[in-house]
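Undergrad: Provided below for reference: sequence and predicted model.
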Amino acid sequence: MISQEQLSAIKGAKVLMVGAGGIGCELLKTLALSGFQDIHVIDMDTIEVSNLNRQFLFRQSHVGQSKAKVARDAVLRFRPNISITPYHANVKESHFNVNFFKEFDVVLNGLDNLDARRHVNRLCLAADVPLVESGTTGFLGQVTVHLMGKTECYECQPKPAPKTYPVCTITSTPSKFVHCIVWAKDLLFAKLFGDKNQENDLNVRSSDAANSSEHSEDAFECRQDEDIEQYGRRIYDHVFGHNIEVALSNEETWKNRNKPKPIYSNDVLPKKLTNENGNMEKGCATDDVSAMSSLGLKNPQDVWSLAENSRVFLEALRLFFLKREKEIGNLSFDKDDQLAVEFVTAAANIRASSFEIPLHSLFEAKGIAGNIVHAVATTNAIIAGLIVIEAIKVLKKDSNDYRMTYCLEHPSKKMLLMPVEPYEPNKSCYVCSQTPLLLEVNTHRSKLWDFVEKIVKAKLGMNFPLIMQGASILYEVGEDLEEDMVAIYAANLQKTLSELPSQVTSGTVLTIEDLQQEFSCNINIKHREEFDEEKEPDGMLLSGWVEAPVDKDNSKAVGNGESTSNALPAEEILEGEKDVEIQEISVGTENATGRKRKLFEVSKGTTPDHSGLSDERKNHNQIEKLDVDDEDDELIISDDWESLTKKKRL
Ligand SMILES: Nc1ncnc2c1ncn2[C@@H]1O[C@H](COP(=O)(O)OP(=O)(O)OP(=O)(O)O)[C@@H](O)[C@H]1O
Ligand SMILES: [Zn+2]
């Protein structure tokens, strides 16, 4: 039951929701049904068919329309007297500035990416508005509360770096299906259908290959004298046959590995394919173009044979050239693009055959390629309910009662929700505590451009940076800059740090500001001569704020509105490249009675990895078995659990 006090806090509140996807739809409904009367919703997306299974405010007829607007209309139908203001826009647009954020009593995130979450975190800090952050991944979810000075900010704990793979694993020595998927989508698909000017590691490097004129770079261009089937077969033979032969010629590589088998199209398919594509020739909408339907393959959960994959490969390539020629050169892989998924599945499977890696169905391949953990609508609904509970506490200013709550998938079947006390702000957080960072860099070799791209944008997440050394501005982004300044900054970008007009060397302190985020930080520069190409590919190292270790091979999860905030256990986890953090649950070492609890692993089959975490964090990242004997599935949300799971910084 809602108390009078809660009700008046709710009624008078002006709330900003960011994201109207899986969590957002549930949240908007729950806010409206809880009595909130003034809700603003920002979402930059339009509705897709794939959203309909869980984003229940949307229907087939809404596909292509703004999520924020349709969500508003749907909720107004059952709560016509409340005010919902939709914005079909990116929250990073400049009109959503600090003054805009200051209008709200609380901000509620239902986002799906680190970049937008960091941006909202900074604006909430600058505007001094509380933020309730959330995320779900399949059965897992979490809700955290961030209030400046009271609890940690969203960026107080480092987030894991996106999963990356060594280039040579992808180009030459794949050992898992995901390596074949990355090769198929980031190299082959990009090479054939994406921007031709982009660097691409597709060709295996070999001294022999360099001498081969026949298989030089333009092997990927369609020749004038060949038809599309010949072209497809030539690409097939080049990437699955010739390139594998070249790779085999590097004998050292295969001393301790199984040798791959070159595959040529004539080994797998008849010399001339019969035309099975009658339906496709008679014009159909671009969206419906599908190699599978063209070939009569119906079930996406079937694992195709090598011959079937080879046919899909050639057919998908043919259809791209026949039906989607205008897009070629501009395409990037999109998990919702059926033909792209078919092509990538087939290419990955053919490569997997070569390397004796088990083949996968289109359904599975799509999940891996799109970093998908299938969303669970119930998790989104639970998380949305928890967001509203925390929002009400925020509005009532019950800061002692804030909880970060984890929704767990627990093979031990002990509990579903785990509320713990939020952390205090991290005193060394460069975002909310303004602690300077340290950058080790070769100031004679690295250009200002490297610094802007690799550090300021990629690591610090700034959109409109201004870089200063003392009073002199080295670089600035903005629409109203004078032409001569634009030219000076462009020239600066091409200079090494030590060549800049006000030299950047060891001991220099740079101040970086983002005017939109009203966020600034200092970076102490330390010159270092050498960097390890494998471990420090940026050629520079930022510390003070530590990036969390990349998850071990099998400890990575991604999904709908994926969780990127704090600790979570993960059972069934896929490798991926999206920004998502799945760590361990942090709970205190003693229960309310002071009795020690047994350690256990919350997540089946994964041992917590604390490598790279500070000692303080290691102490916090203990996973404990709670002494509950009952083996039945229990939903535990009692207050007792809160006292059992209090968590404090040591
Ligand atoms: N910068 C941003 N500005 C505004 N809205 C954003 C921004 N980034 C993400 N979003 C929105 O956040 C929502 C996240 O919802 P969700 O995780 O369910 O993703 P989805 O795109 O709807 O589904 P899926 O990725 O699973 O297909 C999306 O609707 C997305 O448009
Ligand atoms: Zn912080």
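TA: Received, thanks. Ligands and ions are numbered 1, 2, ... in the order given.
Undergrad: give me every residue that touches the nearest residue to G35 once chain neighbours are set aside.
TA: Ranked by Cβ to Cβ, 6 or more residues apart in numbering and with sequence neighbours excluded, the top spatial neighbour of G35 is I10, at 4.6 Å. For glycine as for every other residue, the C-beta is placed from the backbone atoms N, C-alpha and C. Residues near I10 by Cβ atoms under 8 Å, 6 or more residues apart in numbering: 2, 34-37, 392, 395.
Undergrad: Sort out for me which of the residues you listed are in helices.
TA: By the criterion of DSSP state H, membership of the contacts of I10 in helices covers 34, 392, 395.
Undergrad: burial count for the last one?
TA: Close neighbours of L395, defined as other Cβ atoms under 10 Å, add up to 21.
Undergrad: What strand or helix carries the residue nearest to it when sequence neighbours are not counted?
TA: Closest residue to L395 apart from its sequence neighbours, by Cβ to Cβ, 6+ apart: A9 at 3.9 Å. Per DSSP states H and E, A9 falls inside helix 4-11.
Undergrad: Off-centre distance for that helix?
TA: Offset of helix 4-11 from its chain centre (Cα atoms, centre = their mean, to the nearest Å): 37 Å.
Undergrad: Next, the buried residues of that helix.
TA: Within helix 4-11, the residues that qualify as buried are 6, 9-10, counting by 16 or more other Cβ atoms under 10 Å.
Undergrad: Which pLDDT value does the model give the residue in the stretch 1-150 of the chain that ligand 1 sits nearest to?
TA: Nearest residue of the stretch 1-150 of the chain to ligand 1, counting by Cβ to the nearest ligand atom: G21, 1.9 Å away. On the pLDDT scale, G21 is placed at 96.
Undergrad: Same check on the one 10 residues further on?
TA: pLDDT, the model's per-residue confidence, is 98 for L31.
Undergrad: Contact residues of the stretch 51-200 of the chain facing ligand 2?
TA: 153, 156 (Cβ under 5 Å from the ion).
Undergrad: shaky segments in the protein?
TA: Residues of the chain that meet the criterion pLDDT under 70 lie in 1, 161-163, 203-217, 274-287, 411-413, 545-650.
Undergrad: need the residues of it near ligand 2, please.
TA: So the chain meets ligand 2 at 153, 156, 429, 431-432 (Cβ under 5 Å from the ion).
Undergrad: Go through those and give me the one with the most neighbours.
TA: Busiest of the residues of the chain next to ligand 2 [other Cβ under 10 Å] is C153, holding 24 neighbours.
Undergrad: which strand in this protein runs the most residues?
TA: Identified as the longest strand of the chain according to DSSP state E is strand 519-527.
Undergrad: Buried residues in the following helix or strand past that one, which are they?
TA: Heading C-terminal from strand 519-527, the first helix or strand you meet, by DSSP H and E, is strand 540-543. Buried residues in strand 540-543, counting neighbours by 16+ other Cβ under 10 Å, are found at 540-542.
Undergrad: what does stretch 353-373 give?
TA: For stretch 353-373, the buried set under the neighbour-count rule, 16+ other Cβ under 10 Å, comprises 353-355, 357, 359-362, 364-373.
Undergrad: quick one on the thing from earlier: which one of the buried residues of strand 540-543 sits closest to ligand 1?
TA: L542 (23.8 Å).
Undergrad: From E534, how far out is the closest one?
TA: Note on L542: its distance to E534, by Cβ to Cβ, to the nearest Å, is 18 Å.
Undergrad: swap in L187?
TA: 19 Å.
Undergrad: can you list the residues of the chain next to ligand 2 in CSV and add distance to F101 and secondary structure?
TA: As requested, these are arranged in CSV below (distance: Cβ to Cβ, whole Å; DSSP: H, G, I helix; E, B strand; the rest coil):
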residue, distance to F101, secondary structure
C153, 14, coil
C156, 19, coil
C429, 19, coil
V431, 15, coil
C432, 15, coil
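Undergrad: quick one: which two of those residues are the most distant?
TA: Pairwise distances across the residues of the chain next to ligand 2 (Cβ to Cβ) peak at 7.4 Å, for the pair C156 and V431.
Undergrad: Distance-wise, check whichever residue of the stretch 301-450 of the chain sits closest to ligand 1 relative to S50.
TA: Per Cβ to the nearest ligand atom, A375 is where the stretch 301-450 of the chain lies closest to ligand 1, at 5.7 Å. Look at A375 and S50: by Cβ to Cβ, they are 10 Å apart.
Undergrad: again, but for H62
TA: Taking Cβ to Cβ, one finds H62 at 13 Å from S50.
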